[in-house]
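1. give me a model of this one.
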Amino acid sequence: MFNYGMKVTIYSEKKVEHESVGWHRGGTDIQYSKNNIRKDFNVTRYFYTLTFTHTFEYDDDSVFFSYSYPYTLTDLRNDISLMEKDA
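-> Numbers count the residues shown, from 1 in each chain. Sure thing, here's the model as predicted:
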């Protein structure tokens, strides 16, 4: 999907503090392509590499990157609680 416009998800602690923006999609020059490392020596299956460019907005920031939006244990518990309350 990265080759068709999907972007990585990014979380910046400073962006949350200053702009109230949590996990969001970002990155530029995104490429997802086959590399030369084989998964199995008996079959011609290879691993893939994801590369992208990110411009850091704040100094002294902690920034996290993810393939997709994280789904935490808290999210799961909240969803289960809502389902249990739904008649």
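
2. contacting residues for Asp75?
-> If you count contacts by Cβ atoms under 8 Å, 6 or more residues apart in numbering, Asp75 has none. C-beta here means a position set from N, CA and C on the backbone, and glycine is covered the same way.

3. show me where the chain has strands.
-> Using DSSP state E, the strands of the chain run over residues 8-12, 24-26, 28-40, 45-53, 63-66.

4. pairing partners for the third one, with directions?
-> What it means is strand 28-40. strand 45-53 (antiparallel) (DSSP bridges).

5. ok so, going back, columns mean neighbour count on top of the strands of the chain, output as JSON lines?
-> Compiled in JSON lines, the strands of the chain are given as follows (neighbours: other Cβ atoms under 10 Å):
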{"stretch": "strand 8-12", "mean neighbour count": "18"}
{"stretch": "strand 24-26", "mean neighbour count": "14"}
{"stretch": "strand 28-40", "mean neighbour count": "10"}
{"stretch": "strand 45-53", "mean neighbour count": "12"}
{"stretch": "strand 63-66", "mean neighbour count": "12"}
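
6. of all those, which lies closest to Met1?
-> strand 28-40 (8.2 Å; Cβ to Cβ).

7. next, the angle strand 8-12 makes with the closest one.
-> 120 degrees (axes from the mean of the first three to the mean of the last three Cα atoms, to 10 degrees).

8. what comes into contact with strand 28-40?
-> By Cβ under 8 Å, 6+ apart, strand 28-40 touches 2-3, 6-8, 44-55.

9. much appreciated, bye for now.
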